[in-house]
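> Kindly return the folded structure for what I paste below:
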Amino acid sequence: MGKTILKRKNWEIFLVFIAVQFLVLPTIMIVSFLFGPGPESVTVRLIEFFVTGLVYFSYPVMVGLKLNQLVSGQEKFKATSNQFITACIIIMTTGYILSLTLDIGRPWEYLIPMTVIPCFLIILSWPARPLKSIELRRNAGIWEYVPEAFQFIVWPLGVWWLQPRLNDLDEQKIRIAE
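Below is the predicted model:
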């Protein structure tokens with residue numbers, strides 16, 4: 001059985017991210033050559049969005065799922081539901097697809113980015129709250145987990161600071177008292 005995401009070393013995750021990037025970029029260039037007149041092709045932009053999104057959101061989502069699993073038995077912890085995160089992913093994906101395919105009039109063209117950006121931030125900062133709550137042994141307030149949320153948002157670099165803390169959490173007994 002393989003290691004969980006909480007037991008991986010920071011350099012392992014970072015190297016996998018870099019290796020996947022070197023595999024993804026040539027693939028996107030080949031698809032761009034085959035499908036369209038250039039990077040402005042809707043098909044190419046959609047494929048790029050899904051492949052890049054899968055790579056970029058994989059680490060925060062896997063960590064968030066594992067941390068939610070760790071705190072699932074805690075009565076005092078108010079966890080963010082997986083359905084809420086799934087809804088944010090669906091809203092963000094739908095908004096991006098609509099922004100590519102629809103030619104919306106002037107007053108409505110800012111509506112889609114105003115829904116996509118908050119969903120993007122919610123998904124990437126989702127694991128920060130349970131992480132900080134586990135460390136503090138109480139429900140963390142929003143200002144207490146902002147630094148961790150920023151590290152998840154810039155996760156290819158933030159993994160160097162987050163992963164050692166996650167390694168320590170996996171070996172602890174989780175208890176949230178208040």
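> So which elements touch the least confident helix or strand in the chain by mean pLDDT?
Comparing helices and strands within the chain by mean pLDDT, DSSP states H and E singles out helix 10-35 as the least confident, with a mean of 77. In this structure, helix 10-35 makes packing contacts with helix 42-70, helix 155-171, judged by 3 or more CB pairs under 8 Å, 6 or more residues apart in numbering; DSSP states H and E. For glycine as for every other residue, the C-beta is placed from the backbone atoms N, C-alpha and C.
> Distance to Ile30, mean neighbour count and mean pLDDT for the ones you listed - can I get that in JSON lines?
Below are these laid out as JSON lines (distance: least, CB to CB, whole Å; neighbours: other CB atoms under 10 Å; pLDDT from 0 to 100):
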{"stretch": "helix 42-70", "distance to Ile30": "10", "mean neighbour count": "18", "mean pLDDT": "81"}
{"stretch": "helix 155-171", "distance to Ile30": "23", "mean neighbour count": "16", "mean pLDDT": "80"}
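> closest to Val116 out of those?
Nearest to Val116 among the helices and strands packed on helix 10-35 is helix 42-70 (10.8 Å), distances taken as CB to CB.
> Which helix or strand lies directly C-terminal to the closest one?
helix 82-101 (DSSP states H and E).
> Other residues contacting that following helix?
With CB atoms under 8 Å, 6 or more residues apart in numbering as the test, helix 82-101 has contacts from 42, 45-46, 49, 53, 57, 61, 64-65, 68, 104, 112-113, 115-116, 119-120, 122-123, 126.
> Lys78 contacts Asn139, doesn't it?
Yes: if you go by CB atoms under 8 Å, Lys78 and Asn139 touch, sitting 6.1 Å apart.
> Compare those two (neighbour count), which wins?
Each of Lys78 and Asn139 has its neighbours counted (other CB atoms under 10 Å); Asn139 has more, 18 against 11.
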